[in-house]
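Colleague: Sequence and predicted structure below; questions after.
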Amino acid sequence: MVEKGMLIVLSGPSGVGKGTVRKAMLREGSLNHFKYSVSMTTREKRPGEQDGVDYFFRTRAQFEEQIAQGGMLEYAQYVDNYYGTPLKYVQETLDSGWDVFLEIEVNGAMQVRQKMPDGVFIFLTPPDLKSLRHRITGRGSEDQATIDKRMAKAREEIKMMSNYDYAVVNDQVPRAVARINQIVQSEHLRVPRVIDSYRKMIGDK
Ligand SMILES: Nc1ncnc2c1ncn2[C@@H]1O[C@H](COP(=O)(O)OP(=O)(O)OP(=O)(O)O)[C@@H](O)[C@H]1O
Ligand SMILES: Nc1nc2c(ncn2[C@@H]2O[C@H](COP(=O)(O)O)[C@@H](O)[C@H]2O)c(=O)[nH]1
């Protein structure tokens with residue numbers, strides 16, 4: 001029987017650098033044993049984003065249809081749009097032994113925690129709110145009103161950090177990457193994850 005993969009959930013306020021850190025991990029090869037779960041959203045595509053790569057871009061009606069069919073592992077309304085994780089991909093990928101990486105906001109992460117308590121929940125934090133605003137503004141992808149809404153959300157999200165297993169500060173991308181790598185390596189060694197292979201070794205199963 002194939003051993004089930006590990007689920008890593010990375011959350012943190014918009015603009016903290018979740019995507020940047022994930023892409024840096026991909027480049028250096030530390031996500032080679034992970035599959036990234038592409039989320040579904042109703043928000044508009046940003047320049048350069050591709051359907052099926054950055055998100056599955058869908059209408060509200062299509063998204064609500066997925067919810068009604070039980071097709072979402074989790075979903076949330078964030079600012080003015082729906083965001084969610086398609087269930088089938090996560091389930092099938094974990095069942096085939098691959099680790100899965102989700103990059104989602106806090107309300108969705110808490111739904112996943114209820115359904116998959118074995119997951120590893122990491123909260124990426126900014127060094128301070130000034131840097132966070134600077135990063136969102138510098139990305140140039142949102143207008144001022146949206147940036148203000150996202151900053152207000154950020155305060156609420158940071159309050160939810162106590163529901164996570166780990167807090168990682170993204171002061172510098174390589175440091176944040178190293179911290180997450182450390183967490184993943186340790187989590188892979190946790191006794192509940194490895195005990196079955198030892199039971200097999202001593203014929204205890
Ligand atoms: N450690 C860092 N120091 C300075 N700038 C950073 C750092 N990490 C990321 N950034 C910059 O911050 C901006 C936002 O990063 P990114 O888009 O990865 O955030 P995010 O958390 O994925 O946002 P969202 O949740 O809205 O998708 C980008 O312009 C990125 O280059
Ligand atoms: N609950 C979920 N949140 C998600 C998912 N995919 C992305 N997100 C989060 O939404 C905000 C805004 O993202 P943006 O791309 O518009 O900047 C951010 O915090 C994302 O992490 C998801 O599947 N479920």
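Modeller: Here it is on my side, so go on. Numbering: from 1, shown residues only. Ligands and ions are numbered 1, 2, ... in the order given.

Colleague: Just the pLDDT at the closest residue to ligand 1 within the chain, thanks.
Modeller: In the chain, no residue comes nearer to ligand 1 than residue 17, which is 2.8 Å away by Cβ to the nearest ligand atom. Glycine gets a C-beta too; all of them are placed from N, C-alpha and C. As predicted, residue 17 sits at a pLDDT of 97.

Colleague: same check, this time on residue 65
Modeller: pLDDT, residue 65: 98.

Colleague: got it, and residue 2?
Modeller: On the pLDDT scale, residue 2 gets 74.

Colleague: So which residues on this structure come close to ligand 1?
Modeller: 12, 14-20, 135, 138-139, 170, 172-173 (Cβ under 6 Å from any ligand atom).

Colleague: hang on, the residue of the chain closest to ligand 1 packs against residue 176?
Modeller: Yes. Here residue 17 reaches residue 176: they are 7.0 Å apart, a contact under Cβ atoms under 8 Å.

Colleague: Now do the shared contacts for these two.
Modeller: The contact sets of residue 17 and residue 176 overlap at 124, 170 (Cβ atoms under 8 Å, 6 or more residues apart in numbering).

Colleague: and the residue of the chain found nearest ligand 2, what pLDDT?
Modeller: Residue of the chain nearest ligand 2, by Cβ to the nearest ligand atom: residue 108 (2.3 Å). pLDDT for residue 108: 98.

Colleague: sorry, back to before: next, the contact list for the residue of the chain closest to ligand 1, please.
Modeller: Residue 17 sits in contact with 124, 126, 135, 170, 173, 176, where contact means Cβ under 8 Å, 6+ apart.

Colleague: Could you tell me how many residues sit around the last one?
Modeller: Translated: residue 176. 24 (other Cβ atoms under 10 Å).

Colleague: How about the fifth one?
Modeller: Using other Cβ under 10 Å, residue 173 is surrounded by 14 other residues.
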